[in-house]
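Participant: Show me the folded form of this:
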Amino acid sequence: MSKQHPICIIPARAGSKGLKNKNMLFLAGKPLILHTIDAAIESGVFRTEDIYVSTDSIEYKEVIEELRSIKVLLRKEELASDTATTFEVLEDFLKEFPDETEFMLCQPTSPLRSHETIKDAYHIFNERKCDHLVSFSESDKSLRLFSTIDENGCAKDVVGIDKGYRRQKQEKHYYPNGALYITTKKKYLEDKSFFTENTFAYVMSKQESVDVDDKYDFINVIGTKYFNYQTREQSNKAFYTGKYKDFSKQVLSKKLILGDSRMEQIQIDGFSNISVGGITLHTVCENIDEILKKGVYEAFIALGVNDLITGYGIESTKQKFEELVDKLLLKEIKVSISTIIYSVFRYEVQNEDIVILNNFIRELAERKGVKLIDPIKIVCRGKQLEFKYTFDGLHMNEKGNELLSEFYSENLGV
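Facilitator: The predicted structure is shown next:
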């Protein structure tokens, strides 16, 4: 007899008190619940027809069914109340399924849980032969630090905790993060719980474990999505291509500045500045044929920091520098290339990596016979951007931009 296909259940009640309509709030261009639906689909664990949303909202049902080809089932009225338990909802939902059915409960309030995590957790569940699997997160606080507060407002349970306390020496503790639960219908209905002595704790990363309960959790998730530079790079590909097509339609100088957001405010007489915020060297290479359509005879390259921020890596970025220079030289375009200006107090990029790339850029310029422009001596001290020339540790302030515009103009022979 063939094995029963596993099913995925995504509960989405509309009556959230902590954050209204939290399951449907837009996050990175789509309702929050779709991040869980898409992760389930992309995991490959479930057939699309085996992914179910259980909701009490006709509006939710209509929106989800319009966006994705999955089954959205309306709960009975008595199972949509604040007092209805998870067990009661699942017991009713599972009635029509065979006892051996494996199911995964995925809460939509864990939108950062990846499809890789779903796939890995399901694999471990089957490999371990456990009764249940539940996702856990490591607590960043020791249990010794938790306390009740008495009627006088005093914390009694932590008296003397600071005497010899060392966080690094504390035993690790874990808590269920609500992201996923895996079991079979038979075992769940027998135990009436996911938590037994044979429940395997699947430990998830801190990043994926965020549980959206209130607006502060939601803001945290928005920030995590916003600062996922790899995702932003991929989602902005069409925007960058469109931007360069617009540039190619304009009447431009035959001398171009190919830069990123650090170069957008730079003015160099005789040059058309087609710098684009967020652009990487990798994306410029993908669009270089479009960029050169109007016939260019000189190009100034000031790129590279976003490639490091996005996570392309040093070796891949070196290859793209060489590729871009070679393409320009092949078309007999005069090339100048800038070293990458360092940052200060920024977590996304390490100046040590910029040092490695800058050494390569200097070697590349000499080997290819192109002009090297080195602004580091103007706005940096040692291997760090001078604080007085930046407003955010990465981009120049007005004073920094004035210095660079003057420096570039002088060194490009304008």
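Participant: Any chance you could list what contacts the helix or strand A238 falls within?
Facilitator: If you go by DSSP states H and E, A238 is part of helix 237-249. Contact partners of helix 237-249, identified using CB atoms under 8 Å, 6 or more residues apart in numbering, comprise 272, 274, 276, 278-279, 283, 286-287, 290-291, 293-294. Just so you know, the C-beta spots here come from the backbone N, C-alpha and C atoms, and that holds for glycine as well.
Participant: do stretch 285-295 as well
Facilitator: Applying CB under 8 Å, 6+ apart, the contact partners of stretch 285-295 are 237, 240-241, 244-245, 247-248, 252, 254, 256, 258, 274, 284, 320, 323-324, 327-328, 331, 333.
Participant: Check stretch 22-29 too.
Facilitator: Residues from elsewhere that reach stretch 22-29, judged by CB under 8 Å, 6+ apart: 12-14, 16, 19, 31-33, 35, 60, 63, 108-109, 111, 212-213, 218, 221-222, 225, 231, 235.
Participant: And the residues you listed, which of them are buried?
Facilitator: 12-14, 16, 19, 31-33, 35, 60, 63, 108-109, 111, 212, 218, 221, 225 (16 or more other CB atoms under 10 Å).
Participant: Show me where the chain dips below the pLDDT cut-off.
Facilitator: Across the chain, the ranges flagged by pLDDT under 70 are 1-2, 159-160, 162-170, 251-252, 414.
Participant: And stretch 224-242, what's buried?
Facilitator: Result for stretch 224-242 [16+ other CB under 10 Å]: buried residues 224-225, 228-229, 232-233, 236, 240.
Participant: Same check on stretch 106-115?
Facilitator: Buried residues in stretch 106-115 (16+ other CB under 10 Å): 106-114.
Participant: same question, stretch 403-414
Facilitator: 404-405, 407-409, 411-412.
Participant: next one: it to chain centre, how far?
Facilitator: Here stretch 403-414 is found 37 Å from its chain centre; the criterion is CA atoms, centre = their mean, to the nearest Å.
Participant: Excluding its own residues, what touches it? List them.
Facilitator: Contacts for stretch 403-414 (CB under 8 Å, 6+ apart): 266-271, 300, 336, 338, 371, 373, 375, 378-379, 389, 396.
Participant: What helix or strand is the closest residue to Y312 other than its chain neighbours located in?
Facilitator: Leaving out its chain neighbours, the residue that sits closest to Y312 by CB to CB, 6 or more residues apart in numbering is H282, at 5.8 Å. Counting by DSSP H and E, the element that carries H282 is helix 281-291.
Participant: Just the ones in helices from the buried residues of stretch 224-242, please.
Facilitator: 224-225, 229, 232-233, 240 (DSSP state H).
Participant: any chance of the residues you listed in TSV, plus distance to L25?
Facilitator: TSV is the format used below for those (distance: CB to CB, whole Å):
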residue	distance to L25
T224	15
K225	12
Y229	23
R232	20
E233	24
Y240	28
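Participant: And for A80, nearest residue in space, chain neighbours not counted?
Facilitator: Computed as CB to CB, 6+ apart, the closest residue to A80 that is not its neighbour in sequence is D56, at 3.3 Å.
Participant: Check the contact between that neighbour and A84; I expect there is one.
Facilitator: No. With contacts counted by CB atoms under 8 Å, D56 stays clear of A84, the gap being 9.4 Å.
Participant: These two - which one has more neighbours?
Facilitator: Shown here are D56 and A84; by other CB atoms under 10 Å, D56 has more neighbours (20 against 17).
Participant: now the strands for the protein?
Facilitator: Using DSSP state E, the strands of the chain run over 7-12, 26-27, 30-31, 51-55, 71-74, 102-106, 132-138, 174-184, 199-203, 255-259, 272-273, 298-302, 334-338, 371-373.
Participant: Give me the contact list for the third one.
Facilitator: Taking contacts as CB under 8 Å, 6+ apart, the residues outside strand 30-31 that touch it are 23-25, 63-64, 67.
Participant: By neighbour count, which of those residues wins?
Facilitator: Top of those by neighbour count (other CB under 10 Å): N23, with 26 neighbours.
Participant: Please tell me how far that one sits from I10.
Facilitator: Counting by CB to CB, to the nearest Å, the gap from N23 to I10 is 9 Å.
Participant: which neighbours do those two share?
Facilitator: The contact sets of N23 and I10 overlap at 33, 108 (CB under 8 Å, 6+ apart).
Participant: related to what we said a few turns ago, closest one of the ones in helices among the buried residues of stretch 224-242 to A39?
Facilitator: K225 (13.6 Å; CB to CB).
Participant: Go ahead and confirm that closest one touches S235.
Facilitator: No. Using CB under 8 Å, K225 is not in contact with S235, being 10.2 Å away.
Participant: re earlier: distance between the helix holding H282 and the chain's centre?
Facilitator: The answer for helix 281-291 is 24 Å, by CA atoms, centre = their mean.
Participant: Please apply the same query to stretch 247-257.
Facilitator: Distance, centroid of stretch 247-257 to centroid of chain: 33 Å (CA atoms, centre = their mean).
Participant: How about stretch 285-302?
Facilitator: The answer for stretch 285-302 is 30 Å, by CA atoms, centre = their mean.
Participant: now do the same end-to-end measure for that stretch.
Facilitator: 13 Å (CA to CA, to the nearest Å).
Participant: Just the buried residues of it, please?
Facilitator: 285, 287-288, 291-292, 294, 296, 298-302.
Participant: Then stretch 262-276?
Facilitator: In stretch 262-276, counting by 16+ other CB under 10 Å, buried: 262-266, 268, 271-276.
Participant: what's in contact with that stretch?
Facilitator: 240, 243-244, 247, 252-253, 255-261, 277, 291, 298, 300, 302, 305, 341, 394-396, 401, 404-405, 408-409, 412, 414.
Participant: how about a cut-off of 6 Å?
Facilitator: 243, 247, 252-253, 255-257, 259, 302, 395, 401, 404-405, 408-409, 414 (CB atoms under 6 Å, 6 or more residues apart in numbering).
Participant: Kindly report the same for stretch 370-383.
Facilitator: 335-339, 341-342, 351, 355, 365, 386, 389, 400, 403-404, 407, 411.
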